[in-house]
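[1] Predicted structure and sequence below. I'll ask about it afterward.
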Amino acid sequence: MGTDADRALRGLLGRQCGVVSRRQASACGLAAYDLERLVRRRELVRVVPGVFVDHTGELTWEQRAWAGCVAVGRGALAGRSALRAAIGAGWRHHRESAPIHLVVDQQRRCAAPVGYRLERRRGIESLVRWNASPPRLRVEQAALDLASLEPDPLRMVGLLADLCQTRHTTAQRLLDAARERVRLPRRARIEQLLADLADGTCSTLEHGYLVQVERAHGLPTGARQLAGTSTLGNVRRDVDYDPLPLRVELDGRLFHDTAEQRDRDLDRDLDSAVEGRLSIRLGWGQVFTRPCHTAERVVRLLRGAGWMGEPVPCGPACVLGTVAA
């Protein structure tokens with residue numbers, strides 16, 4: 001194998017996490033017998049048909065992803081695989097052992113290796129980050145694909161809210177991308193959710209409070225994620241009904257992560273009391289299991305704080321209808 005070919009191959013392996021396809025090796029200047037010699041020496045090992053890696057151990061997720069992309073030619077990661085590549089390991093909406101999802105141009109004729117899923121799409125050139133490692137659909141496009149396939153509203157909220165919290169995108173960028181899509185299943189639900197996230201709801205629980213407690217019962221709209229200070233530094237209040245002296249904190253944890261976190265929550269509530277503002281803390285049961293009862297009690301607190309508005313029962317059986325006007 002010539003020096004130039006060797007240098008080109010090593011450079012390519014370095015850029016692709018140690019993965020190379022037969023076609024790429026040929027483009028580097030390797031003859032078929034050069035490649036076979038490297039395989040006999042175990043300097044390259046076949047991982048899928050026509051694709052090799054430069055070691056004999058178990059593949060990392062990134063190497064599996066690269067192997068899929070080069071196995072189908074000009075391919076890119078799609079769906080959860082694209083988001084896993086962008087966000088990194090540990091993202092709770094992805095399993096490392098799951099099949100890797102790929103996308104190619106609609107005109108390509110290729111088959112996915114075992115352990116991969118392949119979709120064809122028209123006009124992917126502008127939708128893919130080809131210079132990423134590995135190439136992948138842009139975060140916004142991959143996220144909208146997943147959201148449009150999710151029939152469960154809560155799972156859709158969780159996916160998009162969690163994604164925004166990773167700071168790899170924003171609700172506004174997702175909303176802009178959604179509006180540019182010609183076809184988007186569940187468009188109305190997705191765009192409404194993203195508009196709510198852009199206005200400050202940051203989690204499934206916060207969005208549930210907005211939709212099922214506040215909006216469904218005609219409560220005033222509180223300010224979301226309002227910045228403030230406390231004895232522990234800068235904080236953000238989940239829902240603040242300023243100028244009414246009432247705050248709502250949405251606690252989505254089934255238990256406190258640490259004694260320190262519990263201590264911080266208590267300090268936040270104490271600071272609210274010092275400021276003359278009542279701070280209440282709600283969880284999953286109050287928001288999703290008993291939203292009407294929660295709304296009824298929040299109405300009583302709002303009225304006690306000076307709210308003069310009229311709540312609206314969400315239906316004939318809503319307990320809010322028993323609240324005296």
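    Cool, the structure landed. Residues are numbered from 1 along each chain as shown.

[2] number of nearby residues for G315?
    9 (other CB atoms under 10 Å). Where you see a C-beta, it was placed from the backbone N, CA and C, and this is true even at glycine.

[3] now it: how far from W284?
    Per CB to CB, to the nearest Å, G315 is found 21 Å from W284.

[4] again with C314
    Using CB to CB, C314 is found at 18 Å from W284.

[5] same thing with A25?
    According to CB to CB, A25 stands 54 Å off from W284.

[6] Pick out whichever of these two has more residues nearby.
    Counted by other CB under 10 Å, A25 and W284 do not tie: A25 has more neighbours, with 24 against 15.

[7] What residue, apart from its backbone neighbours, is nearest the more buried one spatially?
    L35 (5.3 Å; CB to CB, 6 or more residues apart in numbering).

[8] That neighbour: neighbour count?
    19.

[9] Show me how far the one helix or strand it maps to is from its chain's centre.
    Assigned by DSSP states H and E, L35 belongs to helix 32-40. How far helix 32-40 lies from its chain's middle: 42 Å, per CA atoms, centre = their mean, to the nearest Å.

[10] Buried residues of it, list them for me.
    Using 16 or more other CB atoms under 10 Å as the test for burial, helix 32-40 gives 34-35, 38.

[11] Stretch 268-288 too?
    For stretch 268-288, by 16+ other CB under 10 Å, it's 268-269, 271-272, 277-280, 282, 286-288.

[12] and what of stretch 130-138?
    Those would be 134-138, for stretch 130-138 by 16+ other CB under 10 Å.

[13] got the contact list for it?
    Applying CB atoms under 8 Å, 6 or more residues apart in numbering, the contact partners of stretch 130-138 are 15-17, 62, 65-66, 69, 75-79, 81-82, 85-86, 103, 124, 127-129, 142, 145, 177.

[14] Which ones among those lie within strands?
    76-77, 103, 128-129 (DSSP state E).

[15] ok, of those, which one's closest to C202?
    Nearest to C202 among the ones in strands among the contacts of stretch 130-138, counting by CB to CB, is R129 at 25.8 Å.

[16] Against C69, how distant is that closest one?
    Taken as CB to CB, the span from R129 to C69 is 12 Å.

[17] quick one on the thing from earlier: please, a PyMOL command that selects the buried ones among the contacts of stretch 130-138?
    Of the contacts of stretch 130-138, the buried ones can be selected in PyMOL as follows, counting by 16+ other CB under 10 Å:
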select buried, resi 16+17+62+65+66+69+75+76+77+78+79+81+82+85+86+103+124+127+128+129+142+145+177
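
[18] follow-up on the earlier one: mind listing the shared neighbours of R129 and C69?
    76, 135.

[19] hmm, back to that, keep only those of the buried residues of stretch 268-288 that are in helices.
    Residues of the buried residues of stretch 268-288 located in helices (DSSP state H): 268-269, 271-272.

[20] Mark out where each domain of the chain begins and ends.
    Domains of the chain are assigned by automatic domain parsing as 3-57, 209-322.

[21] what residue lies at the spatial centre of this protein?
    Against the mean C-alpha coordinate of the chain, by CA atoms, centre = their mean, the closest residue is L163 at 2.5 Å.

[22] Checking that residue next. Helix, strand or coil?
    At L163 the chain is in helix, as set by DSSP: H, G, I helix; E, B strand; the rest coil.

[23] Let me see the confidence value for it.
    The confidence metric pLDDT takes the value 94 at L163.

[24] Spit out the contact partners of it.
    L163 is in contact with 83, 87, 93, 139, 143, 169, 174, counting by CB under 8 Å, 6+ apart.
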